[in-house]
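Engineer: Return atomic coordinates for the entry below.
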Amino acid sequence: MSTVTILGGGAFGTALAIAIGRAGTPVTLWMRDADHAAAVQHDRENRARLPGAALPPTVTATAELTPVAPGTAVLLSVPMQQLASVLEQHRDALTGAALVACCKGMDLTRGLGPTGVIAEVMPGATAAILTGPSFAADIGIGLPTALTLACTDDVAGGALQQALSTPVLRLYRSADPIGAEIGGALKNVIAIACGTCIGAGFGESARAALMTRGYAEMVRLAVDLGGRAETLSGLCGFGDLALTCGSELSRNFRHGLALGRGAEIDATATVEGVATARATAALADRRGIEMPIAHVVAGLCSGALTPEAAMDRLLARPLKEE
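Structural biologist: Numbering: from 1, shown residues only. Below is the predicted model:
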């Protein structure tokens, strides 16, 4: 894999392009908007999404996506709810590529995670997911970061791990994409719950309880869908949960803060946990899985529940063994 293509010119896609390109690999950074791509290519910086992080000479920003060579690593750094449409639009150009989802969430219409969407839209394609505790700003300026790369094909997974790892971007391989993507999806839901908890003044002890019981929900759903519980104890589960639930750099946590404070919501921010909470609650109902935090977050985000009502609902649940 001598080159890498990244679809999505947001903060995370740009950060990955910088990190991989800085290691000497030629990277094509595709953006939907031609004017944006031209500006990034000219300025050598994505000032709109990742200011202060310069693109190395190895990165080319473009709005033109030409067919990629067979086996090329293509990183799909687009919002979860747009993943299927992007794949459908560029199916011919991506045929034969190794498709690595870099989004976190669950498709609202399909009830599938990223690798499930890839398998449905691009049957037969090598599908993997790159996920874990990471902020684009950290990656963009070269701070050390460790992520999980999950793929059911060990040979393809090993090749991707070698192609995408850099001296400061360390990838750990997993054969459990279901567990990895459930961890990445649900940590956003739990982060909204934790942000709401802090914003509403419920305290740090309540946040710790939400994180812990939220982790139990993550494991419960992953195992029911065929994932492994131990996967969630790694970077893509526990690690990502700890980062996202404890920092205002997280869009999902900030969204929860605004809900808890009754403040205005930033309508321009991509907050994957909002749609994921709805999709997860519906999936849990269909499969008969108990996921009370996911349900209350769906209610909070829709306006059906106030923070106080959500907390009352969780505290009123029957007492049980841990």
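Engineer: all strands for the stretch 1-150 of the chain, in order.
Structural biologist: Along the stretch 1-150 of the chain, counting by DSSP state E, counting those that start in this stretch, strands occupy 4-7, 27-30, 59-62, 73-76, 98-101, 126-131, 145-151.
Engineer: for those, which one sits closest to Leu314?
Structural biologist: strand 126-131 (26.7 Å; CB to CB). (Each C-beta comes from the backbone N, C-alpha and C, glycine too.)
Engineer: sorry, back to before: for the strands of the stretch 1-150 of the chain, could you give me TSV that also reports mean pLDDT and mean neighbour count?
Structural biologist: Shown next, in TSV, are these (pLDDT from 0 to 100; neighbours: other CB atoms under 10 Å):
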stretch	mean pLDDT	mean neighbour count
strand 4-7	98	26
strand 27-30	98	25
strand 59-62	98	20
strand 73-76	98	27
strand 98-101	98	28
strand 126-131	98	28
strand 145-151	98	24
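Engineer: Rebuild those strands as CSV, extending it with distance to Val86.
Structural biologist: Compiled in CSV, the strands of the stretch 1-150 of the chain are given as follows (distance: least, CB to CB, whole Å):
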stretch, distance to Val86
strand 4-7, 6
strand 27-30, 10
strand 59-62, 15
strand 73-76, 7
strand 98-101, 11
strand 126-131, 14
strand 145-151, 20
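Engineer: Out of these, the one nearest Thr166 is which?
Structural biologist: Per CB to CB, nearest to Thr166 of those: strand 145-151, 9.5 Å.
Engineer: to the chain's geometric centre, what's the distance from the closest one?
Structural biologist: 12 Å (CA atoms, centre = their mean, to the nearest Å).
Engineer: follow-up on the earlier one: of all the strands of the stretch 1-150 of the chain, which one comes closest to Asp240?
Structural biologist: Nearest to Asp240, of the strands of the stretch 1-150 of the chain and by CB to CB, is strand 126-131 at 6.9 Å.
Engineer: how big is the angle separating that closest one from strand 145-151?
Structural biologist: 160 degrees (axes from the mean of the first three to the mean of the last three CA atoms, to 10 degrees).
Engineer: Which strands or helices does strand 126-131 pack on?
Structural biologist: strand 98-101, helix 114-121, strand 145-151, helix 154-164, helix 177-199 (3 or more CB pairs under 8 Å, 6 or more residues apart in numbering; DSSP states H and E).
Engineer: Give me the residues contacting that strand.
Structural biologist: 75, 97-102, 104, 113-115, 118-119, 147-153, 156-157, 160, 164, 171, 177, 180-181, 183-184, 235-236, 240 (CB atoms under 8 Å, 6 or more residues apart in numbering).
Engineer: before we move on, what about stretch 10-26?
Structural biologist: Counting by CB under 8 Å, 6+ apart, 2-4, 6-7, 27, 29, 40, 46, 49-50, 53-60, 75, 77-79, 102, 134, 136-140, 142, 163-164, 166-169, 270 sit against stretch 10-26.
Engineer: Please identify the buried residues of that stretch?
Structural biologist: Residues of stretch 10-26 classed as buried: 10-23, 25 (neighbour count, 16 or more other CB atoms under 10 Å).
Engineer: Tell me which two in those residues are the farthest apart.
Structural biologist: Farthest pair in the buried residues of stretch 10-26, by CB to CB: Gly10 and Ala23, 20.8 Å.
Engineer: would Cys301 count as being in a helix?
Structural biologist: Yes. Counting by DSSP: H, G, I helix; E, B strand; the rest coil, Cys301 falls inside a helix.
Engineer: What is the neighbour count of it?
Structural biologist: The local packing of Cys301 (other CB atoms under 10 Å) involves 23 other residues.
Engineer: Grab the nearest non-local neighbour of it.
Structural biologist: Take Cys301 and drop its neighbours on the chain: the residue closest to it by CB to CB, 6 or more residues apart in numbering is Val274, 4.6 Å away.
Engineer: for the residue most central in space within the chain, what are its contacts?
Structural biologist: In the chain, the residue lying closest to the centroid (CA atoms, centre = their mean) is Lys104, at 2.4 Å. Lys104 sits next to 80, 114, 131, 181, 184-185, 187-188, 272, 276 when contact means CB under 8 Å, 6+ apart.
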